[in-house]
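Chemist: here's a sequence, model it:
(3 chains)
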Amino acid sequence: MNIDSLNEKQKEAVINYTGPMLILAGAGSGKTKVLTTKVAYLINEKNIYPENILAITFTNKAAKEMKSRIYSIVGSKAFKIQISTFHSFGLKIIKENARLLGYDSNFTILDSDDSLSVVKKILKEFNIDSNKYNPKAIRNVISNNKNEMIDAISFSKYAHTDFDEIVNKVYEKYERNLKLNNAIDFDDLLILPLKLFKEYPRILQEYQEKYKYVFIDEYQDTNEPQYILSKMISAKYKNITVVGDADQAIFTWRGANYKNILNFEKDYPNCKVVLLEENYRSTKIILKAANNVIKNNKIRKEKNLWTQNDEGCKIVYYKAFDEKDESSYVVHEIKRLLEENVSPNDICVLYRANAQSRTVEEAFLTSNISYNIVGSYAFYNRKEIKDLIAYLKLIYNNKDDISLLRVINYPKRGIGNKSIENLSIKADIENKSLYEVISSGKELQFKNIIEDIKQEVDKISLTELIDLILDKAGIKSDLESEKTIEADIRLENLEEFKSITKTFEDSEGIISLGDFLDELSLVSDVSEQKDDNSEKVTLMTMHSVKGLEFDYVFVVGFEEGLFPHVNSMESNDELEEERRLCYVAITRAKKKLYLINARSRILYGKVSSNIPSRFVKEIGDDLLETVGKKEEVIFKNKIDKTNMYNDDNDLHPGDIITHDKYGTGVVVSIDGVIASIAFKKDGLKKLMKNHKSIKKV
DNA sequence: CGGCAATGTGTTTTT
DNA sequence: CACATTGCCG
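Modeler: Modelled structure (predicted):
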């Protein structure tokens, strides 16, 4: 195996393959390369079995990327390596030991919305006024406690205030309810494995034997349970390599503790430390800008990231008039790049909050630039999709009260509050789930529908199962009988969901309901579930872009209040995290960086004006090329809207249209200027409502 | 019980 | 602004 393309430090990191190692890898210093090479080196050169290797990444996307890179070196052996996020790995362990942990193998994973529902339900049962005690706040405290591994009993010792007392009560009931529902929440994915290992040391030993070589990426963003899990699993052989960069710690708000990386040398006194300080990614100017920003952080270890790369061009700073002007500029500039034969895949647009994607998306649609929004949960948040998933979850795990409550009276079956209250009381007394205590009335009819569907589960495919549910539960007939545009849209969305399961089945073969539900809870991003190889500009948050790189990076909303975000400006700690986030964003760029802000923009329905982000000043004038107002006027005129647009196509959902490129389609929904249209050939697409290429039939 | 209208409420980042 | 929840009436 050839490792000549590595520098001396990188080689050192690869060749020293036993014992604990800390790799402090600055942005763009080739840490992914080192990590993948080291794993491949173990397999190809040291004859380590791939199944003895565990590699933990921060996102599912990173896991996928790593798999394919290792595959390209070692071939199909790569499939035997356990490469996943902490959460997926936790799930695997829980699955393998469900009964020991007191769960049936078909347990349900609750997302944070589900957790909130549980909290709300408990508050109601306790007659606690949810206006006085915010359910979200309570859920967050519970989650924080779980992550610090403080259980309800221990928490009672800390409970001093009125609020704490309430939380304590709810926390205790919450945990009991989950158990009763054979359900685990997101925090449990990390905590239950630890519990297992503590109670059954022999099982821990088995895992230690299995995973003799452990790799943890983004170590600065590990939280307490993740930290302990890493430590436990590698305790026997101590072949643990961790990689990270404290300057890129951006998840402390989620309980991550960047001190874990600072303390690694204390945890493993004989560990090897490798510093990767040469940056191969960015231009000198981009790197300088990043360094200028991050050096303003007080709580920080000084480091020297350098590059042999070219000076590069200055960072473009555009002060837009408003958010529309901001996106027009982005579009204008991207169009120019595309004309220079830059691939859309090499461009990304970053923002602080997901809500900011909307205006950018509109501008992209206007100018026919294909794009992909990463982390768009909008689809799975639609009512009809959630309802369908609730049916699937209930069929898989009857004890799932949250799902049952969601669908027991959908479509309307005449089961109202009174009946549900009675069921709840009965369930509480008998210490059973709602489903189990159903024995009469309309509720029983519902139960029978579920039982009937259950009979078929193992005989049919997932896509067929969905059809069966839509049919037997009466969802389809209910929506069809409504004869409203709304209902038609819902039906379309359900079809879209089926196309996701279909793609899934086509690529993975027969997939069980359980596996599919797991996938849904761990990968809640539609774009990750569709394979699409066409070239696209990527839109995502600065948090999601972590670990990735692009030739051209646009950062929008570079304003005080948006970035740094208002809610993160109260303490210095929060502000320093925003600064690290800025550091991450800047260092994603290889060739050219664009920073854009708007003098005024509409926020939460109100016009507001923000001053430029403090990070502009920190970067420094000499690295910036401020694009003036004059040029803005010029490019605005360049986009000749009158040629491409009708005044008003007067499109409405349900209309049948033809499109010059995509052919016949039906309008599914209109959202402002964006029309969602389902085409016969190409499926659902978002287009500008008034585009000339759309004609009503 | 179901439907509708009025009122209120919160608006960051993600596995 | 967008939504979720509440309260009232048929």
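
Chemist: which residue does chain A have closest to DNA strand C?
Modeler: For chain A and DNA strand C, the shortest gap (C-beta to the nearest atom of the strand) falls at A:G605, measuring 2.5 Å. Bear in mind the C-beta positions are built from the backbone N, C-alpha and C, glycine included.

Chemist: for that residue, what are its contacts?
Modeler: Not one residue lies near A:G605 by C-beta atoms under 8 Å, 6 or more residues apart in numbering.

Chemist: list the buried residues in whichever strand or helix holds A:I70.
Modeler: Using DSSP states H and E, A:I70 maps to helix A:60-74. Buried residues in helix A:60-74, counted by 16 or more other C-beta atoms under 10 Å: A:N60, A:K61, A:A62, A:A63, A:E65, A:M66, A:K67, A:R69, A:I70, A:Y71, A:I73, A:V74.

Chemist: report all helices and strands that it contacts.
Modeler: Packed against helix A:60-74 by the contact rule (3 or more C-beta pairs under 8 Å, 6 or more residues apart in numbering; DSSP states H and E) you find helix A:31-44, strand A:53-57, strand A:82-85, helix A:526-529.

Chemist: report whether the third one contacts DNA strand B.
Modeler: Same thing as strand A:82-85. Yes. Against DNA strand B, strand A:82-85 shows contacts by C-beta under 7 Å from any atom of the strand at A:T85.

Chemist: ranking the helices and strands packed on helix A:60-74 by burial, who's on top?
Modeler: strand A:53-57 (a mean of 25; mean count of other C-beta atoms under 10 Å).

Chemist: what sits up against that strand?
Modeler: Residues outside strand A:53-57 that contact it (C-beta under 8 Å, 6+ apart) are A:35, A:39, A:42-43, A:63, A:66, A:81-86, A:89, A:211-218, A:230, A:233.

Chemist: tell me the spacing between the one residue in the stretch 151-300 of chain A that gets nearest to DNA strand B and A:N223.
Modeler: Residue nearest to DNA strand B within the stretch 151-300 of chain A: A:W253 (4.2 Å; C-beta to the nearest atom of the strand). To A:N223, A:W253 is 11 Å away according to C-beta to C-beta, to the nearest Å.

Chemist: neighbour count winner among the two?
Modeler: Between A:W253 and A:N223, counting by other C-beta atoms under 10 Å, A:N223 is the more crowded of the two (20 against 12).

Chemist: let me see the confidence value for A:I122.
Modeler: On pLDDT, A:I122 comes in at 89.

Chemist: and A:D428, what does it touch?
Modeler: Going by C-beta under 8 Å, 6+ apart, A:D428 touches A:E125.

Chemist: and if you look at A:V360?
Modeler: A:V360 makes contact with A:S327, A:V330, A:V349, A:Y351, A:L539, A:V556, according to C-beta under 8 Å, 6+ apart.

Chemist: pretty sure it belongs to a helix, no?
Modeler: Yes. Assigned with DSSP: H, G, I helix; E, B strand; the rest coil, A:V360 falls within a helix.

Chemist: so what's it scoring on pLDDT?
Modeler: Reported pLDDT for A:V360: 90.

Chemist: cool, A:S534 as well?
Modeler: pLDDT for A:S534: 81.

Chemist: cheers, nothing more for now.
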